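Visitor: Build me a structure from this.
(one chain, ligands or ions: 1)
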Amino acid sequence: MSALLKNDLAKPYQTVARGKGVWLWDTEGRDYIDGSSGAMTANIGHGVEEIADAMAAQAREVAFAFTAQFTNAPAEELARRLTALAPGDLDHVFFVNSGSEASEHAMRLALQVWRERGRPGKTRFISRQRSYHGMTMGALSMSGHDGRRGDFGDYLHAFPEVPPAYAFRSDWGDLPEEEQGAVAVAEWETAILAAGGADKVAAVIAEPIVGAAGGALVPPPGYFTALREICDRHDVLLIADEVITGMGRTGSWFASGFEGIVPDILNTAKGLSAGYTPMGAVILRAPLVETIRQGSGLAPYGHTFSGNPLSAAICLAVLDYMETHDVLGNVAARAAEMEAGLKALQQRYAHVADVRGRGLLWGFEFVMDRQGKTPPPAEFNATGTFVDLCWEEGLVVYPAGIKPLNNACLISPPLVITADELTELLTRMDRALAKMETRLL
Ligand code: PLP
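Guide: Below is the predicted model of the structure:
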């Protein structure tokens, strides 16, 4: 009899005992390579002493002061450093405690900004069919993840969804690469117009690379430049959900920067604290803040723990660690090895298709044979089966398959992984793929 309500009531969970770097150990002494950084979160690895020290030092000074009553130095400093790293004039930050709260907050801010600009009819949000923006009701309303929407259908807003930028399963994936972006993005404009255009649509939301809801779906070049242009033309705000891709995961601080575009709102969480505390951030462009400053002057959405000094000090220590240890340099070096290693496995195993990714965010999917794109039968549950086989080998990977295919997997180890550890990760995966093959034959 257990008091803790777990995600899967039928599953026997191992109990984690400790972690160091990319390694985790359970209470029975088994080791695991954290090949997914948990949920793409433990970016600087486990058990980093500097973070524990910073935590203790801040806790002794002041752990909590309510930000509606006091500001605090760590939160002010973290906001300064984040806005310096974020692209363009994304120059104000509101702190929250999770990626879901960041999505909720971005929605409220978009609604407030349009209201304060005298356009209260702009209330619709558009997202993508394969996307995940969080579990709370607003965030889930914007998420194209059928499994997670589950039975909440009637309680969620019925916002329009557009197809994802999913070259492998699109009708534009065979076009020359330079033509793909414009074709893939066109559905956004159609959806904006169908939803009432500039008069009705408040914002669109997209992950620069889709993570949990598809397994590292990388858009074709030009896609986000074209989406930015569509949003500008129709007076619609662009929200970049960088909860996974932010804070170095794809090789630069924020993935929005790859095409040089500046979203109106940029959300980040997960890697911001690298798992050492719950933390999320909503970063806003200057004109949005100016609207509020000249209007109500209030951004009244705080949560009790928003921007608390303890969490902010932990995130500052994570940033310090990343800069001192040139973690982005390590991502660049390991990314090439990861791509080569996964593609070598794809050569060996005919059931592995479409290895895709950037930085240390990689995905692939299972198919029935090398020639085709047919996924394994839904009842086979390719994603769940492979996650379990990796677990048997002491490798943690993230299940990124969603209905109806349920065949994708995400590999996203801590950004500090060494070359030897990456080789060990790929070796364990090789063994899991060999077992997977016998199941799929
Ligand atoms: N946005 C994206 C892109 C995510 O992947 C997630 C979680 O996986 C969220 C938002 C929600 O974040 P959280 O689980 O911290 O609420």
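Visitor: For residue 1, report the pLDDT, please.
Guide: What the model reports as pLDDT for residue 1 is 59.
Visitor: Now for the residue in the stretch 251-400 of the chain positioned nearest to the ligand: which residues touch it?
Guide: Nearest residue of the stretch 251-400 of the chain to the ligand: residue 269, at 4.9 Å (CB to the nearest ligand atom). Bear in mind the C-beta positions are built from the backbone N, C-alpha and C, glycine included. Shown in contact with residue 269 (CB atoms under 8 Å, 6 or more residues apart in numbering): 96, 98, 99, 102, 243, 246, 279, 280, 281.
Visitor: now, which of those lie within helices?
Guide: 99, 102 (DSSP state H).
Visitor: now stretch 276-291: how far from the chain's centre is it?
Guide: 16 Å (CA atoms, centre = their mean, to the nearest Å).
Visitor: all strands for the stretch 1-150 of the chain, in order.
Guide: 16-20, 23-26, 31-34, 90-96, 124-128 (DSSP state E, counting those that start in this stretch).
Visitor: Centre-most residue in the chain?
Guide: The residue lying closest to the centre of the chain (CA atoms, centre = their mean) is residue 244, at 2.3 Å.
Visitor: Distance-wise, check the nearest residue to that one once chain neighbours are set aside relative to the ligand.
Guide: Excluding its sequence neighbours, the residue lying closest to residue 244 (CB to CB, 6 or more residues apart in numbering) is residue 211, at 4.0 Å. Residue 211 is 5 Å from the ligand, where distance means CB to the nearest ligand atom, to the nearest Å.
Visitor: which residues touch residue 211?
Guide: So residue 211 contacts 40, 132, 244, 245, 361, 400, 410, 412 (CB under 8 Å, 6+ apart).
Visitor: Give me the subset of the residues you listed that lies in strands.
Guide: Judged by DSSP state E, these include 361, 410 as members of strands.
Visitor: got JSON lines for the contacts of residue 211, with pLDDT and distance to the ligand too?
Guide: Shown next, in JSON lines, are the contacts of residue 211 (pLDDT from 0 to 100; distance: CB to the nearest ligand atom, whole Å):
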{"residue": "40", "pLDDT": "98", "distance to the ligand": "7"}
{"residue": "132", "pLDDT": "95", "distance to the ligand": "5"}
{"residue": "244", "pLDDT": "98", "distance to the ligand": "5"}
{"residue": "245", "pLDDT": "98", "distance to the ligand": "8"}
{"residue": "361", "pLDDT": "98", "distance to the ligand": "11"}
{"residue": "400", "pLDDT": "96", "distance to the ligand": "10"}
{"residue": "410", "pLDDT": "98", "distance to the ligand": "10"}
{"residue": "412", "pLDDT": "98", "distance to the ligand": "11"}
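Visitor: Which one (most neighbours) among the contacts of residue 211?
Guide: Among those, residue 412 has the most neighbours (other CB atoms under 10 Å), with 32 neighbours.
Visitor: isn't it right up against residue 33?
Guide: No. Checked against CB atoms under 8 Å, the pair residue 412 and residue 33 is beyond contact range at 12.0 Å.
Visitor: Residue numbers of the chain in contact with the ligand?
Guide: Residues of the chain found near the ligand (CB under 6 Å from any ligand atom) are 39, 98-100, 103, 132-135, 207, 211-212, 241, 243-244, 269.
Visitor: if you set the cut-off to 8 Å instead, what comes out?
Guide: Within reach of the ligand by CB under 8 Å from any ligand atom, the chain has these residues: 39-40, 98-103, 131-136, 139, 207, 210-213, 241-245, 267, 269-270, 278, 280.
Visitor: what's the burial count for whichever residue of the stretch 151-300 of the chain sits closest to the ligand?
Guide: The stretch 151-300 of the chain approaches the ligand most closely through residue 243 (3.5 Å), counting by CB to the nearest ligand atom. Number of residues near residue 243 (other CB under 10 Å) recorded here: 31.
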